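Trainee: Whatever this is, show me its structure:
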Amino acid sequence: MVSPEQNPNDWYAQFVTVKNTFSARIGQICNAALDRSVIAHNEKTDPKLRKQFKEETEVLAILSGLEIDAAKTGIRPDLSDYLGRKIQRTPFLKYKPLGEEAEEQREWYEDTHREKLSKGNTA
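Mentor: From the prediction side, this is the model:
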């Protein structure tokens, strides 16, 4: 969608809007929020850190909406404070790529992981 300030016949503006749609960082924002929420709700985590990550999770929820709106408005939120920092990953997000990578490395004649599971053969 072209913003009201732009000429609807401006093909470059339309291209930029579509490009912004496909370059959204919503997945990264959601992963960062999930990582923080796991730490924020872990009773064994230091209370100060829990409070910080709970607040960051709430901010990331708002930023995810702004990131979605960026496809329409062209205004992207500043995510440098949240996506640039390394924090403890949740086990799911940490090991998911390893499983996907292992699945891609199989030989063409081998069953996929899903096929092995459906046959009851996980070896």
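Trainee: Burial check on I75, number of neighbours?
Mentor: I75: 10 surrounding residues under other CB atoms under 10 Å. The way it works is simple: take the backbone N, C-alpha and C, and place the C-beta from them, glycine included.
Trainee: Kindly apply the preceding question to T57 instead.
Mentor: The criterion is other CB under 10 Å. On that basis, T57 has 20 neighbouring residues.
Trainee: The spatially most central residue of the chain sits in which helix or strand?
Mentor: Centroid-nearest residue in the chain, with CA atoms, centre = their mean: G27, separated by 1.9 Å. Per DSSP states H and E: G27 is located in helix 26-40.
Trainee: The following helix or strand past that helix to helix 26-40, inter-axis angle?
Mentor: Per DSSP H and E, the first helix or strand lying C-terminal to helix 26-40 is helix 47-73. Inter-element angle recorded for helix 47-73 and helix 26-40: 160 degrees (by axes from the mean of the first three to the mean of the last three CA atoms, to 10 degrees).
Trainee: So which other helices or strands are in contact with helix 47-73?
Mentor: helix 11-22, helix 26-40, helix 80-83 (3 or more CB pairs under 8 Å, 6 or more residues apart in numbering; DSSP states H and E).
Trainee: rerun that using 7 Å as the cut-off
Mentor: Packing partners of helix 47-73 (3 or more CB pairs under 7 Å, 6 or more residues apart in numbering; DSSP states H and E): helix 11-22, helix 26-40.
Trainee: any idea which of those helices is most buried?
Mentor: Across the helices and strands packed on helix 47-73, the average number of neighbours (mean count of other CB atoms under 10 Å) peaks for helix 26-40, which reaches a mean of 18.
Trainee: Show residues contacting the helix holding G27.
Mentor: Contact with helix 26-40 is made by 45, 49-50, 53-54, 56-57, 60-61, 63-64, 67-68, 79, 82-83, 87-90, 93, as judged by CB atoms under 7 Å, 6 or more residues apart in numbering.
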